[in-house]
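J.: Turn this into a structure:
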Amino acid sequence: MSSSEQQNVNIATTKKWLCNALRITLLALCVVMIVFWIRGYYAHDALWCQARKGGPLIGVVSVLASTSLIIHERYGWRPGVYWRSTEETGTVQQMIHRTSREPNWEFCGFGFAHSYAWRTWVLTVPDWLVIVLAGAWPLKWTLHKRRVARRDKSGLCPACGYDLRASPQRCPECGKQR
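T.: Numbers count the residues shown, from 1 in each chain. From the prediction side, this is the model:
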């Protein structure tokens, strides 16, 4: 095997490994979002992260079937990652201490809010949207693999579905080798 062929094999292996890692990560995100969706009706979960003292505090908060990305421009926590969970539910706007004159937009679970006094930005999306977007590619890949396996098992070409009983080595329709 030449060096260029070996390099192509290495690239294909790396690409396959990265795709599988991404699929597993997206499926894990789906599971986490489903848990957040269910817990969002009776609990108030938040994951906060601050990289350096005096830097922005970034949080992901789940409340009432919506997940919000919150950025506090300055906050006095020590650097680190914090998990907060309370048994009270409320709107994200109550969490960021907004006044009625500050910008706010909400529609069907989507939202945006900004607090000038607390220097805070909030972007809200419904949990179902995150679950659908994160689960679409792994679901499509799984259905494709099942279809290819079913075709292969029943003696059809995995690529186009042509009957391969007469020519089992190569598909006369699409040219794919078995």
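J.: Can you verify residue 32 is assigned to a strand?
T.: No: counting by DSSP: H, G, I helix; E, B strand; the rest coil, residue 32 is not found in a strand; it is helix.
J.: Could you pull up the residues touching it?
T.: Contact analysis of residue 32 by CB atoms under 8 Å, 6 or more residues apart in numbering lists nothing. Yep, even glycine has a C-beta here, placed from its N, CA and C like the rest.
J.: Verify the contact between residue 165 and residue 155 for me.
T.: Yes: when contacts are counted by CB atoms under 8 Å, residue 165 is listed as touching residue 155 (5.7 Å).
J.: These two - which one has more neighbours?
T.: Per other CB atoms under 10 Å, whichever of residue 165 and residue 155 has more neighbours is residue 155, with 11 against 7.
J.: Quick check: the more buried one vs residue 134, distance?
T.: 36 Å (CB to CB, to the nearest Å).
J.: ok, now residue 172?
T.: For residue 172, the distance to residue 134 - CB to CB - is 40 Å.
J.: quick one, which of the two is more surrounded?
T.: residue 134 (19 against 11).
J.: lowest confidence element among the helices and strands of the protein?
T.: Counting by mean pLDDT, DSSP states H and E, the chain has its least confident helix or strand at helix 92-95, which shows a mean of 55.
J.: what's the following helix or strand after it?
T.: Beyond helix 92-95 in the direction of the C-terminus, DSSP states H and E gives the next helix or strand as strand 104-107.
J.: chain center to that next one, what's the gap?
T.: 23 Å (CA atoms, centre = their mean, to the nearest Å).
J.: does the spatially most central residue of the chain count as helix, strand or coil?
T.: What sits nearest the mean C-alpha location of the chain, by CA atoms, centre = their mean, is residue 134, with 3.8 Å. Secondary structure, three-state DSSP: residue 134 is helix.
J.: per-residue pLDDT, it?
T.: For residue 134, the pLDDT comes out at 93.
J.: So, low pLDDT: which residues of this structure?
T.: 74-76, 87-103 (pLDDT under 70).
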